[in-house]
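# 3D, please:
(2 chains)
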Amino acid sequence: MAGKVPDFQAYQGQGEPRFANDVELECAKLLDYYGIPWAYEPHTFVLEQDADGRVIEAFTPDFYLPEQNLYLELTVMKQSLVTRKNRKLRKLRERYPDVNAKLFYRRDIERLAQRYRLDLAS
Amino acid sequence: MVTPRSLTDERVGEIYLSREEIQARVEELGAEIATDYEGLEPILVASLKTAIVFVADLSRALPIVHNLDFIALAPYDGNGGSGRQVRLLKDLSMSINRRHVLLVEDIVDTGMTLNYVAKTLLLREPASLAAVTLLDRPYRRLVEDIPVRYVGFTVPDEFFVGYGFDLDERYRNLPDLRLLEPGD
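As a prediction, this is how the structure comes out:
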């Protein structure tokens, strides 16, 4: 679980967001600092259903930036281990071509951390 | 002239863009901007500190009448949220109302900083507002609605030092843009 959740100003959701890890928390703090409106896991996209219509695969991106109409998924896994997430993102784009989604890899997050001096120790 | 002999930090790596390559591109940008802003007397607004070397060169490569001004943003200290938001540490000294403003950036990646600066300055109702950036990482963009009109170089996902970019506040004066190697 992530550390203490601050009182966000640019948060667009309802209820206190429950971040899965400190990387998500730091990303939220950074978006908030720059006044970029954001929501946390507001939508779940169905990727696959069985013959009876039961959902067998779904994808809930971590963040949604409404002004950008952009979904953002963060992964702290190494580049070589993100095949599953890449596959999900590919399926999302195939099934919902109008949805704009971006995956930020560990390397991207490390770059952000260096540039903005984020505390990602968790 | 600073030479590599004066470098003592092993993290300062190979040259990525030589001073000659940068100068040639800056002159192209200057010519392009001069064509677009002929007779408009634009204000070049640079963010301190990294962009100072670029704006100094760009200004001298701009063969039209123009003004210079500077802003400084409070750096992110890792404590976002709880009402802590980016703010100007140093504001413009000139009015930009009904003036043509060209923001001069060292690098644009997520677009969050430029988005804040553009939104803030647009409240002052300039005649126009656009941006020129020395370096661009468009593939890392989170905010797309930013006014980048001129790009010096699209660069890979590396860190740089020299030509205004610092390493612990050092080496901004290096004339070439060098790769910053990861430390221990």
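# up against chain B, what does chain A have?
Contact residues, chain A versus chain B (C-beta under 8 Å from any C-beta of the partner chain): A:5-9, A:26, A:28-36, A:65, A:67-68, A:70, A:72, A:102, A:107-108, A:111-112, A:114-119. C-betas here are computed from N, CA, C, even on glycine.
# buried set for the longest helix along chain B?
When secondary structure is assigned using DSSP state H, the longest helix within chain B turns out to be helix B:19-37. Judged by neighbour count using 16 or more other C-beta atoms under 10 Å in any protein chain shown, the buried positions of helix B:19-37 are B:Arg19, B:Ile22, B:Arg25, B:Val26, B:Glu27, B:Leu29, B:Gly30, B:Ile33, B:Asp36, B:Tyr37.
# got the contact list for the residue nearest in space to the middle of chain A?
Centroid-nearest residue in chain A: A:Asp62, 2.3 Å away (criterion: C-alpha atoms, centre = their mean). The contact partners of A:Asp62, by C-beta atoms under 8 Å, 6 or more residues apart in numbering or on different chains, come to A:Ala20, A:Glu24, A:Cys27, A:Tyr40, A:Glu41, A:Leu72, A:Glu73, A:Leu74.
# and A:Asn100, by the same measure?
With C-beta under 8 Å, 6+ apart, A:Asn100 has these contacts: A:Gln68, A:Asn69, A:Leu70, A:Tyr71.
# next one: B:Leu142
Taking C-beta under 8 Å, 6+ apart, we find B:Leu142 in contact with A:Ile36, A:Leu65, A:Gln68, A:Leu70, A:Leu72, A:Lys102, B:Thr110, B:Gly111, B:Met112.
# if we use 10 Å, what do you get?
Taking C-beta atoms under 10 Å, 6 or more residues apart in numbering or on different chains, we find B:Leu142 in contact with A:27, A:30-31, A:34, A:36, A:38, A:63, A:65, A:68, A:70, A:72, A:102, A:104, A:112, B:109-112, B:115.
# just the strands in chain A please.
A:39-40, A:45-49, A:55-59, A:63-65, A:70-74, A:101-104 (DSSP state E).
# output the third one in PDB with nothing but the alpha carbons.
What follows is strand A:55-59 as a C-alpha-only set of coordinates in PDB (Å, rounded to 0.1, in the frame of the first residue of the first chain):
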ATOM      1  CA  VAL A  55     -16.300 -10.900 -18.400                       C
ATOM      2  CA  ILE A  56     -13.100 -13.000 -18.500                       C
ATOM      3  CA  GLU A  57     -10.600 -10.200 -19.000                       C
ATOM      4  CA  ALA A  58     -10.800  -6.500 -18.100                       C
ATOM      5  CA  PHE A  59      -8.400  -3.600 -17.800                       C
END
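# now do the buried residues in it.
With the criterion 16+ other C-beta under 10 Å, strand A:55-59 contains buried residues A:Phe59.
# closest to B:Ala46 out of the contacts of A:Asp62?
Nearest to B:Ala46, judged by C-beta to C-beta, of the contacts of A:Asp62 is A:Cys27 at 28.1 Å.
# hmm, that closest one is touching A:Phe104, no?
Yes: A:Cys27 is within contact range of A:Phe104, at 7.9 Å (criterion: C-beta atoms under 10 Å).
# the more surrounded of these two?
A:Cys27 (25 against 21; other C-beta atoms under 10 Å in any protein chain shown).
# give me the nearest residue to the more buried one, chain neighbours excluded.
A:Leu74 (6.1 Å; C-beta to C-beta, 6 or more residues apart in numbering or on different chains).
# pLDDT wise, what is A:Leu47 at?
On the pLDDT scale, A:Leu47 is placed at 96.
# give me every residue that touches it.
Taking C-beta under 10 Å, 6+ apart as the contact definition, A:Leu47 lies against A:55-59, A:87-88, A:90-92, A:94-96.
# what's around B:Leu92, how many residues?
One way to gauge burial is a neighbour count; for B:Leu92, by other C-beta under 10 Å, it gives 15.
# quick one: it from chain A, how far?
B:Leu92 sits 19 Å away from chain A, taking C-beta to the nearest C-beta, to the nearest Å as the criterion.
# which residues touch that residue?
Applying C-beta under 10 Å, 6+ apart to B:Leu92 gives the contacts B:Ile43, B:Val45, B:Asp69, B:Phe70, B:Ile71, B:Val101, B:Leu121, B:Arg124.
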